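In: Turn this into a model:
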Amino acid sequence: LWDRDFLQRNKRGHSDAPRLADGRFGLVVLSSVTKTPRNLNYAENDASSDNITPLVIAQRWPLRTWGSLAERALHHAALAESAARRSKGAVVIVRTKAELDAAEAADALAVILATEGAHPLEGDLANLDRLYDAGFRMLGLQHFFDNELGGSLHGISNAGLTEFGRAAVIAADKKGMIIDVAHSSEAVVRDVLAITPSPFVVSHTGMRGHCETDRNFSDDLMREIAARGGLVGIGFWDGAVCEASLGSIARAIAYAIETLGVDHVALGSDFDGATTVPFDAAETAALTDALIDEGIGEADIRAVMGGNALRFFAAHLPSE
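Out: Model prediction:
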C-alpha cells in the first residue's frame, strides 16, 4: 500500500494480490507501519526520530497524515478498502467471523488489518474506536521503540505495560480485537498474559532455541503464549531464523512444532517488512517442499501453511 497498487502484479517487494493468488493464499494480515526510528536495530532504539514522515510527504499523502500517526493508519485502511472495492470481490477486508467464512466460501483473499505498534492510538483511547471502525482487527502493541503503551523488545526501557497500555489492551480485548506482541518487551508480554484471558499472537518471529537473536523471545515465554491458546507466526528472514533460506525456515517451523505443538504454529513471513526473504508470495510452494524435506507430515504441513491461522481467526474475530 506504499506507492503501489495492491491489485497489480509488482516487480518489487514480496506480495500483492496476484502473487498471493499464485501462492494459493486465502488469508493475509496487512500491518500498518506508521513510524520507524532511524538506524533501527534489534538491540536499542529511541522514539526521537521517524523515517516514515519523509515518505508520507514524498508520496503526497493527505496533509492530515503528515503529523498524525492515527491518520496514517486510517489512510492505510482507506487504501486497503479502495483495493477491495476495485477487486470486485476477489479481495475482502474481513472484520467478523461471518465475513471470514464468506470470503473462504467465495475463494476470495481475506485481508485482516493490523497495526505494527499501537502508537497510532496517540495516547488516546478514542483512537481505538476510530481504528476499529476503519476495520482494524489486530492490535500490535509495539514496534521498534517504546511507546505510550509500554516497552518494546528493541527499545530503551524494557518496561511492561503502562497504565494506558493496560487500559488499551483491556479495551481492545473487549472489542474482540486480537493482540499481537511480536515486537513487545518480555515484560509487556507477561503483563498481557496477566490481565487478559484471551489468546493472542506473535505474528512474525523466530524461536530462541533455534535462532538465538535479540529478535526472539525465550522458549519458556513462547510456551506460555501457546498454553494460553496463542498463535506463533514463524518468519522468513535472517533476524528470525538466523539464515534467510528455505532450509532454515523449515527447521525453525519444525522446532516450533516440537516446542509448542503443531496447533500453535503458523506462517509469519514479514513479506514487505524491509526484510530479505528467499521467495515471494507466488513461490510459497517452495516452502511446502522444504517442510516435506524436513520430514514434517502432511497434516502438520497443512495446519502450519494455513489451517491454524484460519481456525484461530475464525474463533477469535468479533462475531459482528
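
In: Next, work out how far apart the nearest residue to L40 once chain neighbours are set aside and H119 are.
Out: Counting by C-beta to C-beta, 6 or more residues apart in numbering, F144 is the residue found nearest to L40 once chain neighbours are left out, at 4.8 Å. Any C-beta I mention is one placed from the backbone N, CA and C, and that applies to glycine too. Look at F144 and H119: by C-beta to C-beta, to the nearest Å, they are 11 Å apart.

In: rewinding a little: pretty sure the residue nearest to L40 is touching T34, no?
Out: No: F144 lies out of contact with T34 (C-beta atoms under 8 Å); the separation is 11.8 Å.

In: who touches both of these two?
Out: Common contacts of F144 and T34 (C-beta atoms under 8 Å, 6 or more residues apart in numbering): G117.

In: which ones are touching the residue positioned nearest the centre of the chain?
Out: For the chain, S203 is the residue whose C-alpha lies nearest the centre (C-alpha atoms, centre = their mean; 4.3 Å). S203 sits next to 29, 31, 114, 138, 140, 180, 182, 233, 268 when contact means C-beta under 8 Å, 6+ apart.

In: For those residues, give me JSON lines that also has pLDDT.
Out: What follows is those, written out as JSON lines (pLDDT from 0 to 100):
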{"residue": "V29", "pLDDT": "98"}
{"residue": "S31", "pLDDT": "97"}
{"residue": "A114", "pLDDT": "98"}
{"residue": "M138", "pLDDT": "98"}
{"residue": "G140", "pLDDT": "98"}
{"residue": "D180", "pLDDT": "98"}
{"residue": "A182", "pLDDT": "98"}
{"residue": "G233", "pLDDT": "98"}
{"residue": "G268", "pLDDT": "98"}
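
In: Which of those are buried? Put it as a ChimeraX command.
Out: In ChimeraX, a selection of the buried entries from the contacts of S203 looks like this (16 or more other C-beta atoms under 10 Å):
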select :29,31,114,138,140,180,182,233,268
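
In: Which of the contacts of S203 sits closest to A168?
Out: Using C-beta to C-beta, G140 comes nearest to A168 of the contacts of S203, at 11.7 Å.

In: tell me the pLDDT at the residue nearest to L40?
Out: F144 carries a pLDDT score of 98 in this model.

In: now the strands: where do they sit in the stretch 201-320 of the chain?
Out: According to DSSP state E, counting those that start in this stretch, the stretch 201-320 of the chain carries its strands in the segments 201-205, 231-234, 265-267.
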